[in-house]
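Undergrad: Sequence first, predicted coordinates after that:
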Amino acid sequence: RKEVEQDPGPFNVPEGATVAFNCTYSNSASQSFFWYRQDCRKEPKLLMSVYSSGNEDGRFTAQLNRASQYISLLIRDSKLSDSATYLCVVTTANTGNQFYFGTGTSLTVIP
Amino acid sequence: NAGVTQTPKFRVLKTGQSMTLLCAQDMNHEYMYWYRQDPGMGLRLIHYSVGEGTTAKGEVPDGYNVSRLKKQNFLLGLESAAPSQTSVYFCASNRDRAGQPQHFGDGTRLSIL
């Protein structure tokens, strides 16, 4: 079983739409959670950390459900520039600070 | 502040050749990592280091060696390149404190003919 699983998509949405991605993780001992964004042929870049109480950064909202072991990312008022692949990332304390990456969810925002 | 710098950016090798990829970070991070990314596979950890002079195997270590002689540098070596090692290689680093995200270099695109 993979440590982190994501729906690969693709998600194709019109500008201004709201879109949500989910991610599940297998290890209940996981400690830290992140969403990264990766543009085509570029390096992953941190979008936001995910905190237990949920957190928001502008149009982006991240939530964590430890009981169900899933993480979500909500993007409101989608922009063309939001088109990218979104990676769910989890770290587990008992693995020497290794980071586990999902394979990513592809988003295309259409004019 | 350069962050994480990878050299070279692109390289084409012939099967059996050797080469070293260099990763340098100027953020005084303790942890450093080498990943490869292939289409449809996501990021896979090759080797990582939790401090100067230490290295450990990740998910796909075969065919690669690493060294961390200085805290700021993490080298990835291919002793005898194979076509299966054609990939995009990313280096990353982070602080050894809980909740710290990884910072990535902009990648090395390696083709083995």
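TA: Structure received. Numbers count the residues shown, from 1 in each chain, chains lettered A, B, ... in the order given.

Undergrad: And the next helix or strand past the helix or strand of chain A with the lowest mean pLDDT?
TA: Least confident helix or strand of chain A, by mean pLDDT, DSSP states H and E, is strand A:99-101 with a mean of 91. Later in the chain than strand A:99-101, the nearest helix or strand by DSSP states H and E is strand A:105-110.

Undergrad: is that following strand up against chain B anywhere?
TA: No - Strand A:105-110 stays clear of chain B (Cβ under 8 Å from any Cβ of the partner chain), getting no nearer than 11.1 Å. Yep, even glycine has a C-beta here, placed from its N, CA and C like the rest.

Undergrad: Sheet-wise, list the partners of that strand with their directions.
TA: Strand A:105-110 pairs in its sheet with strand A:11-14 (parallel), strand A:84-92 (antiparallel), by DSSP bridges.

Undergrad: Now the last one: buried residues?
TA: Read it as strand A:84-92. A:A84, A:T85, A:Y86, A:L87, A:C88, A:V89, A:V90, A:T91, A:T92 (16 or more other Cβ atoms under 10 Å in any protein chain shown).

Undergrad: Test my guess that the last one contacts A:F33.
TA: No - A:T92 is not in contact with A:F33 according to Cβ atoms under 8 Å; the separation is 10.6 Å.

Undergrad: what about the most centrally placed residue in chain B, which SS state?
TA: Geometric centre of chain B, nearest residue: B:W34, 2.8 Å, by Cα atoms, centre = their mean. At B:W34 the chain is in strand, as set by DSSP: H, G, I helix; E, B strand; the rest coil.

Undergrad: show me what contacts A:K45?
TA: Counting by Cβ atoms under 8 Å, 6 or more residues apart in numbering or on different chains, A:K45 touches A:Y36, A:R37, A:Q38, B:F104.

Undergrad: which of those residues lies closest to B:V4?
TA: Taking Cβ to Cβ as the measure, B:V4 lies nearest B:F104 of the contacts of A:K45, at 6.1 Å.

Undergrad: what pairs with the closest one across the strands?
TA: Here B:F104, judged by DSSP bridges, has bridge partners B:A92.

Undergrad: isn't it right up against B:C91?
TA: Yes - B:F104 lies in contact with B:C91 (Cβ under 8 Å); the separation is 7.1 Å.

Undergrad: Looks like the residue nearest to the centre of chain B contacts B:T20 (just checking).
TA: No - counting by Cβ under 8 Å, B:W34 stays clear of B:T20, with 11.5 Å between them.
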